[in-house]
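[1] Provided below are the primary sequence and the corresponding predicted coordinates.
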Number of protein chains: 2
Amino acid sequence: MLADLRRWLIGPPLPTERMHHERLGKAQALAVLSSDALSSTAYATEEILLVLTLAGTGAVRLSLPIAAAIATLLFIVASSYYQTVHAYPQGGGAYLVTKDNLGRLPSLIAGAALLIDYVLTVAVSISAGVAAITSAFPFLYPERVEIALLMVAFITIVNLRGVRETGRVFMVPTYFFIAVMYLLIAAGLYRIATGTVPPHVVQAETASTAIQHLSLFLILRAFASGCTALTGIEAIADGVPIFKPPEADNAGKTLLIMVTILSSIFLGITYLSYHFGVLPKEGETVVSQIARLVFGRSFLYYLVQFATALILLLAANTSYSDFPRLSMWMARDGFLPRQFAHLGDRLVYSNGILALGFLASFLIILFGASTHALIPLYAVGVFISFTLSQTSMVLRWFRLRTPGWYIRAFFNGIGALATGIVLVVIAATKFVHGAWIVLALIPLLVRMFLAIREHYDHVAEELTVEKRPPSPVKKHTVIVPIGDVHRGVLKAMYYAQALGGTLKPVYIDLNPKRTERVKEKWERYFPDVELVIIPSPYRSVIGPLVEFIDANIQEEGQYVTVVIPEFVPAKWWHHFLHNQTAWALRVALLYRRNWQGRFRILTSVPFYLKY
Amino acid sequence: MLADLRRWLIGPPLPTERMHHERLGKAQALAVLSSDALSSTAYATEEILLVLTLAGTGAVRLSLPIAAAIATLLFIVASSYYQTVHAYPQGGGAYLVTKDNLGRLPSLIAGAALLIDYVLTVAVSISAGVAAITSAFPFLYPERVEIALLMVAFITIVNLRGVRETGRVFMVPTYFFIAVMYLLIAAGLYRIATGTVPPHVVQAETASTAIQHLSLFLILRAFASGCTALTGIEAIADGVPIFKPPEADNAGKTLLIMVTILSSIFLGITYLSYHFGVLPKEGETVVSQIARLVFGRSFLYYLVQFATALILLLAANTSYSDFPRLSMWMARDGFLPRQFAHLGDRLVYSNGILALGFLASFLIILFGASTHALIPLYAVGVFISFTLSQTSMVLRWFRLRTPGWYIRAFFNGIGALATGIVLVVIAATKFVHGAWIVLALIPLLVRMFLAIREHYDHVAEELTVEKRPPSPVKKHTVIVPIGDVHRGVLKAMYYAQALGGTLKPVYIDLNPKRTERVKEKWERYFPDVELVIIPSPYRSVIGPLVEFIDANIQEEGQYVTVVIPEFVPAKWWHHFLHNQTAWALRVALLYRRNWQGRFRILTSVPFYLKY
């Protein structure tokens, strides 16, 4: 029944041979990988304005140069990543690139930072998307956590079904958002050109006087806040292998297209907001205010709102490509449990997808699906990985010195410098509001990665056949614990006799009368095999059995087989009607450490009950 | 660590030989077995008065004859049970007596009724005791469920420690209650004799006019309500085996002493309440009102309240002797899971004690520790068992005709008739208020008992050696699933080779490159054993393995041993770092039904990891 539900939800298993066909064309890949980056245009402008208005309405004029600076940074980082895409066609995530050029510890820092950020992307985007919906339909507000969790479940299932379906599901909404935003900007510019902008009343609450002076720190903080526009642009560089071949070329072109779309929407929104004199206000986003001024409360206005909510929900989907892929790479390197490297039924890394779904749901519950509570933790991880990745690329060019390396090194160098500065600015301005959590979590995760790797190294070392080949069987003792003489025990005894070692059936004496009956029966069926009877003054069965077995493992190279007759009831509730002695004995023996050279084998002889 | 906590809570295990010494003298046994019966004096008078006042204050004068009738019934039932104690020195619970004389179905009805009532005794007594405490300390009222659950946990642990300690713990409070009640009655009678009774103002709310006519039905209902005084008097007859030898004589004497104490306190309280004109009122019990009139708000008044609360809590303890004993008897007869017949570490039936603790806690949570919600369910079960048990005794005397049998049959006959009539009265008057729940539950429980017994009968039938002796080993195939070639696999292979059957090592091909490496290694260590390689296009390991194993079980009398190399990690969290393939394979094979004559054996070869 569970298997049926699973098949209905995620579809039948796909054979490994279909693996290569599950690739995406540029248009589909753009839809899958760019929603995170594009969705940030929904709030990046607002974040800049929110900081600037702290210095009064007059400071808002600085939004244009700041947006221009961020757009420049966007192109710097993109050209830097363009180099990465071509240098690492197998997927140029910060973890792989840093491992390749800076070594283990920096790569683990990048890995930890990215894993945290992927989880945050899901939590933040879903929360923001749900907030957009609940702003339009306030009666849904009390159910926001439940709605957010349903969204996470939906995206998780879609991703478990496989990458091709993902591309198909998300193409329409992504291009719909791009089209709607371009329409909004074009209509806005037309209104400005024709001078038909309706009068905009600035509300008293937002047009208040300055709380802070317009310091350099405040300008930097506004710039840092706007840098959320950059989150997600690394997705294409990470995801090169999901492109159709030639992967690198397709990915590089898609990256440039994506950055062009992203910066034009971002600059357009910022320009319109400045020109219309729109300021952030409680209960309505900047984008919504602009759309209302341009379209009025028409069908087109609601279209903008709907597209914005949708792209925010889809942004979460980007992490469902990145998180499983990164955890797969780290698992292959032994820094995460091996299960993350297993290709699931539908040719996706199901364990990574499930882990991401669970972690994001946990964050959503913990922070009550509140975007405001989550935002300060966000973007720190991304800029750590940006900086480490670009620095790695610089080192790589200096090492390889391929033709034209100095130009590439220059691009990556500028990228590293820019993102490094922004990282310091973000960490400094967001530290007290929540960035400290991420900065504290990263070393803990790195420690965990190292502990996991250490365990795998130890295991590999212990399993090496070359060093200490195990001792072959020199002596074989077969112990059969029995609780009665019945058909199940007879089968177990026939089997034990066929094994050919020294046979020692054993019975625990709890009740002298019962013991007498068992002895009599025993002598009828096995007159030539001596039954060992062990008294148990404390009425424990497991304790005396384990002691007896231990006492029989004495010699180097001795193998002791414990043959356990085991009932298998026909119905689940029948388990409660039988003592779980066989199970308890197995657990007691399996988890009892063994000593060098001697060996304890556990054999279950199942007896299937028909009723 | 868990074992340490367990030992600290319930003490070290006791050897079986100490079993006989864990008996109680009459004084201790009275303390352990009579608290349920004695505690009912705290509310029985009030229950009578509550019904009578429905017909107006004038009807209260009937409380004296009704109390006298109940006291007479008490002596009738006690003399009936006195016969039972001597006829059944091994414990004369209604279940055993009914089984012996009326047969299976009536005995199961008695068993179900009693088990329900034992659980209710714990829930009702603890709830009433907590209510007494929270009346004195109202700030504890919001925590009443938690306090009740703590009480249940405390009594459960005391009982898990063993019967001797139980006697010691509960002796002081029981005798303390008896002494305080006698003091109260004596002081009250002295006040009446000397004419120094303080004036008692009857409150307007209770002294209201009649709501109902004083019908025969109402008088019967008042009588039925007062019959709660009888709950618990069967405890001594059930618990004969915990008395010091001679068990029957000691138990019989204790029963007569207990009934004398119980009826004298009950009559004394009823007489004082009538003489002082005390009526039930909201927020203060009848006993509390009497104590206040006799002692004023002195230290002695608080002593009465404290002793009352304490005896109510201790009443719950009686069930901790009865429930585990009855469930043990029913388990021995195969009507309850066998685990209830197991003597625990401390020579008590721990599973019954734990089950009672859990069920009572469940009731307390379900009914919010409210005595008023629980009371209508109570006493139905007791009177069902009374009636069945006395009827059985009558049949027994007619069957055995031992000397003086007609006198004994007369006592038991009067008992059966009286309790039968009371049962009908209780069921009729309490039906709509909750008695229907118990009356509906009893047939469900009886059905469960029969289903359990049927299962055990089937199993015994299947296990009979005489009918179909199992086929001995004709052919032996040994299958070794491997995931790699390492020290653990080498050990498993050495072992499998020593077993002497046809050896078939098998490897699941998930990745051609890896398979090549494994093949190479294999040929280095086992050049003369062919490794079966099975392709798995859907990347499943368990599925193809199970298919291969099934395909190798073809012949009648064939035994197939699956030798599973199994890691045992050193630390618990290391389990998450390994695929649980060995475990999953074991579960898949163990719960896969087998067919007649062929046999699948599961062998774990553990490899203990040091790190």
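    Nice, I can see it.
[2] contacting residues around the spatially most central residue of chain A?
    The centre of chain A sits closest to residue A:356, judged by CA atoms, centre = their mean, with a distance of 3.3 Å. Remark: with contacts taken as CB atoms under 8 Å, 6 or more residues apart in numbering or on different chains, residue A:356 is in contact with A:118, A:119, A:122, A:156, A:319, A:320, A:323, A:324. No exception for glycine: its C-beta is placed from N, CA and C like everyone else's.
[3] backbone phi and psi for it, please?
    Geometry field for residue A:356 lists phi and psi as phi -60, psi -40, criterion degrees, to the nearest 10.
[4] got the domain boundaries for chain A?
    A:2-456, A:475-608 (automatic domain parsing).
[5] most packed of those?
    By mean neighbour count, with neighbours taken as mean count of other CB atoms under 10 Å in any protein chain shown, domain A:2-456 ranks first of the domains of chain A at a mean of 20.
[6] For the one helix or strand residue A:442 maps to, give the mean pLDDT please.
    Residue A:442 belongs to helix A:435-463 when assigned by DSSP states H and E. Averaged across helix A:435-463, the pLDDT comes to 91.
[7] Any part of it near chain B?
    Yes - using CB under 8 Å from any CB of the partner chain, helix A:435-463 comes into contact with chain B via A:452, A:454, A:455, A:456, A:458, A:459, A:462, A:463.
[8] nearest to residue A:293, of these?
    The closest of the residues of helix A:435-463 next to chain B to residue A:293 turns out to be residue A:452 (CB to CB; 54.4 Å).
[9] nearest residue to residue A:231 other than its sequence neighbours?
    With CB to CB, 6 or more residues apart in numbering or on different chains as the criterion, residue A:231 has its nearest non-adjacent residue at 5.0 Å, and that residue is residue A:382.
[10] What does the pLDDT read for that neighbour?
    Model confidence at residue A:382, expressed as pLDDT, equals 86.
[11] Return the helix or strand where it lies as PDB; C-alpha atoms alone will do.
    Secondary structure from DSSP H and E places residue A:382 in helix A:380-400. Taking only C-alpha atoms (Å, rounded to 0.1, in the frame of the first residue of the first chain), the coordinates of helix A:380-400 have been written out as PDB:
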ATOM      1  CA  VAL A 380      25.800  35.600   4.000                       C
ATOM      2  CA  GLY A 381      26.400  32.100   2.800                       C
ATOM      3  CA  VAL A 382      26.100  33.000  -0.800                       C
ATOM      4  CA  PHE A 383      28.800  35.700  -0.600                       C
ATOM      5  CA  ILE A 384      31.100  33.500   1.400                       C
ATOM      6  CA  SER A 385      30.900  31.000  -1.400                       C
ATOM      7  CA  PHE A 386      31.200  33.700  -4.100                       C
ATOM      8  CA  THR A 387      34.400  35.000  -2.600                       C
ATOM      9  CA  LEU A 388      36.000  31.600  -2.100                       C
ATOM     10  CA  SER A 389      35.000  30.500  -5.600                       C
ATOM     11  CA  GLN A 390      36.400  33.500  -7.400                       C
ATOM     12  CA  THR A 391      39.600  33.500  -5.300                       C
ATOM     13  CA  SER A 392      40.000  29.800  -6.300                       C
ATOM     14  CA  MET A 393      39.700  30.700 -10.000                       C
ATOM     15  CA  VAL A 394      42.400  33.400  -9.700                       C
ATOM     16  CA  LEU A 395      44.700  30.900  -8.200                       C
ATOM     17  CA  ARG A 396      43.800  28.400 -10.900                       C
ATOM     18  CA  TRP A 397      44.700  30.800 -13.700                       C
ATOM     19  CA  PHE A 398      48.000  31.600 -12.100                       C
ATOM     20  CA  ARG A 399      48.800  27.900 -11.800                       C
ATOM     21  CA  LEU A 400      47.600  26.700 -15.300                       C
END
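[12] That one to helix A:435-463, inter-axis angle?
    Following axes from the mean of the first three to the mean of the last three CA atoms, to 10 degrees, one obtains 60 degrees for the angle between helix A:380-400 and helix A:435-463.
[13] What parts of the stretch 301-450 of chain A come near chain B?
    Within reach of chain B by CB under 8 Å from any CB, the stretch 301-450 of chain A has these residues: A:337, A:338, A:339, A:342, A:343, A:344, A:345.
[14] shouldn't the residue nearest to residue A:231 be in contact with residue A:228?
    No - with contacts counted by CB atoms under 8 Å, residue A:382 stays clear of residue A:228, the gap being 9.0 Å.
[15] so how many other residues sit close to residue A:464?
    The local packing count at residue A:464 equals 12, with neighbours defined by other CB atoms under 10 Å in any protein chain shown.
[16] I'd say it and residue B:486 touch.
    Yes - the pair residue A:464 and residue B:486 passes the contact test of CB under 8 Å, sitting 7.4 Å apart.
[17] what are the ranges of the strands in chain A?
    Chain-ordered strands for chain A, with DSSP state E as the definition, fall at A:475-482, A:502-509, A:532-535, A:558-568, A:599-608.
[18] orientation of the second one relative to strand A:475-482 in degrees?
    Between the direction of strand A:502-509 and that of strand A:475-482, the angle (the same axes, to 10 degrees) works out to 30 degrees.
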